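sequence? don't have it. structure:
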């Protein structure tokens, strides 16, 4: 049996220049693996709690030394000697140590850094690629398929303040294309959009996640811009490519209304649903992520009934990779797609359980 011999964490900076935690696991046979969980730019209210130091003089309050300390002083002693192939046991021990529903005692970032490092160490020990090792943990016989990538082309919301209200305008290549063709289509249209923005005298600066953030009048105009770019490309809208929107509507929801630049007065939930219906029709939208606020369950239900025949209705802030939230969403018939993010729940094992539930 190969066990955890040593485990330690440190603070480092991510690509955005923010501190994050990285944990390293060393096994009894000296195999080593390290992992650093991501930290989202925009976060749902119901996500597991990420611990930051809140010391303004140091990294503007974004330091993670407390999370590092929790790994080194509390989690590490508990996991020494544990079988590296017992991923569920490793995660359950940390959940028990934390003792809170949202992992606010030790921090989801601390716990997940250990969970991910353990999975990578387990994969290395088994001489398997990480994806095959995780497939083994899921105990799935499903065939291996390449996913269809979604390309962020225009960014707004919390990803690009001062741009559109919607968080992302996405490009979805047709599922009939090969994976290589999908990548080529995404890259080509990205650069065609860049050229179009320069032609129109609009900014080609990119957001934190790579999408362009031109100052267009409203959300509808950003979709019209994308439609024009596709018309001028070798590709056909609805045949070769479609569009999607990560709405992230909780960011502009207030007092049971939705505030958008597309109308001088706020949208009520019924108007918002009708607005989406028109966008789906006008711009071939096949993907709508978080079209309603994370607490506006009634609108989710009514919107799903009206929109789901023509578009995927996807939960992110609504479901936050949480089995209880997903169960509620499924029972209330509000989504037919879900975003999976391990940092929203805090362990690999819990993430796998949500994936299994979503597939049923």
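Everything's here; your move. This is a predicted model, so every value here is computed, not measured.

right, and residue 54 touches residue 64 too?
No: the pair residue 54 / residue 64 is not scored as a contact, 10.7 Å apart, by C-beta atoms under 8 Å. All C-beta spots, glycine's among them, are computed from the backbone N, C-alpha and C.

out of the two, which sits in the busier spot?
Taking other C-beta atoms under 10 Å, residue 54 and residue 64 do not tie; residue 64 has more neighbours (28 against 11).

Report the contact partners of the more buried one.
Shown in contact with residue 64 (C-beta atoms under 8 Å, 6 or more residues apart in numbering): 11, 19, 20, 21, 51, 52, 53, 107, 109.

same thing but at 10 Å, please
Contact analysis of residue 64 by C-beta atoms under 10 Å, 6 or more residues apart in numbering lists 9-12, 18-22, 39, 50-53, 70-71, 107, 109-110, 113.

filter these to the buried ones?
9-11, 19-22, 39, 50-53, 70-71, 107, 109-110, 113 (16 or more other C-beta atoms under 10 Å).

Restricted to helices, list the residues you listed.
Of the positions in the buried ones among the contacts of residue 64, 70, 109, 110, 113 sit in helices, assigned by DSSP state H.

Hmm, the last one is touching residue 71, no?
In other words, residue 113. Yes: counting by C-beta atoms under 10 Å, residue 71 is a contact partner of residue 113 at 6.7 Å.

Dig out what the spatially closest residue to residue 210 that is not a sequence neighbour forms beta bridges with.
Excluding the flanking residues, the one nearest residue 210 by C-beta to C-beta, 6 or more residues apart in numbering is residue 152, at 5.7 Å. Residue 152 forms beta bridges with residue 170, as assigned by DSSP bridges.

Might you report the residue contacts of residue 152?
Applying C-beta under 10 Å, 6+ apart, the residues near residue 152 are 159, 167-171, 186, 190, 206-207, 209-212, 244, 246.

Likewise for residue 229?
153, 171, 189, 190, 192, 193, 194, 195, 196, 197, 235.

7 Å - rerun?
189, 192, 193, 196 (C-beta atoms under 7 Å, 6 or more residues apart in numbering).

Emit the PyMOL select command for whichever of these are buried.
In PyMOL, a selection of the buried entries from those looks like this (16+ other C-beta under 10 Å):
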select buried, resi 189+192+193+196
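
can you put the contacts of residue 229 in a markdown table and add secondary structure and pLDDT?
Shown next, in a markdown table, are the contacts of residue 229 (DSSP: H, G, I helix; E, B strand; the rest coil; pLDDT from 0 to 100):
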| residue | secondary structure | pLDDT |
| --- | --- | --- |
| 189 | helix | 98 |
| 192 | helix | 98 |
| 193 | helix | 98 |
| 196 | helix | 98 |
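
now the contacts of residue 229 as JSON lines including distance to residue 297?
Below are the contacts of residue 229 laid out as JSON lines (distance: C-beta to C-beta, whole Å):
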{"residue": "189", "distance to residue 297": "36"}
{"residue": "192", "distance to residue 297": "40"}
{"residue": "193", "distance to residue 297": "36"}
{"residue": "196", "distance to residue 297": "39"}
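
wait, which of the contacts of residue 229 is closest to residue 332?
For the contacts of residue 229, the residue nearest residue 332 by C-beta to C-beta is residue 189; the value is 36.1 Å.

do you know how far that closest one is from residue 15?
Computed with C-beta to C-beta, to the nearest Å, the distance linking residue 189 and residue 15 is 24 Å.

cool, residue 312 as well?
Per C-beta to C-beta, residue 312 is found 29 Å from residue 15.

which of those two has more neighbours?
Neighbour count, other C-beta under 10 Å: between residue 312 and residue 15, residue 312 has more, with 17 against 8.

surely the more buried one meets residue 337?
Yes: the criterion here is C-beta atoms under 7 Å, and residue 312 meets it with residue 337 at 4.3 Å.

Overlap of the contact sets of the two?
If you check residue 312 and residue 337 against C-beta under 7 Å, 6+ apart, no residue is contacted by both.

so how far is stretch 186-193 off the chain centroid?
22 Å (C-alpha atoms, centre = their mean, to the nearest Å).

pretty sure residue 37 is in a strand, no?
No: counting by DSSP: H, G, I helix; E, B strand; the rest coil, residue 37 falls outside a strand, being coil.

wait, what's in contact with it?
Per C-beta under 7 Å, 6+ apart, neighbours of residue 37: 109, 112, 113, 116, 342, 343.

now swap in residue 108 and tell me
Residues near residue 108 by C-beta under 7 Å, 6+ apart: 48, 49, 50, 343, 346.

rerun at 8 Å
By C-beta under 8 Å, 6+ apart, the residues touching residue 108 are 37, 47, 48, 49, 50, 51, 102, 343, 345, 346.

What is the neighbour count of the fourth one?
Here the neighbour count serves as a burial measure; for residue 49 (other C-beta under 10 Å) it reads 17.

For it, give me its contacts.
100, 102, 103, 104, 107, 108.

same thing with residue 194?
Contacts of residue 194 (C-beta under 8 Å, 6+ apart): 204, 212.

let's have the chain start at 46 instead
Sure, I'll start numbering at 46, so the last one becomes residue 239.

part of a helix, is it?
Yes: with three-state DSSP as the criterion, residue 239 is part of a helix.

ok, and for stretch 127-137, which residues are buried?
Neighbour count says stretch 127-137 has 127, 129, 130, 131, 132, 135, 136 buried, by 16+ other C-beta under 10 Å.

again with stretch 288-295
288, 289, 290, 291, 292, 293, 294, 295.
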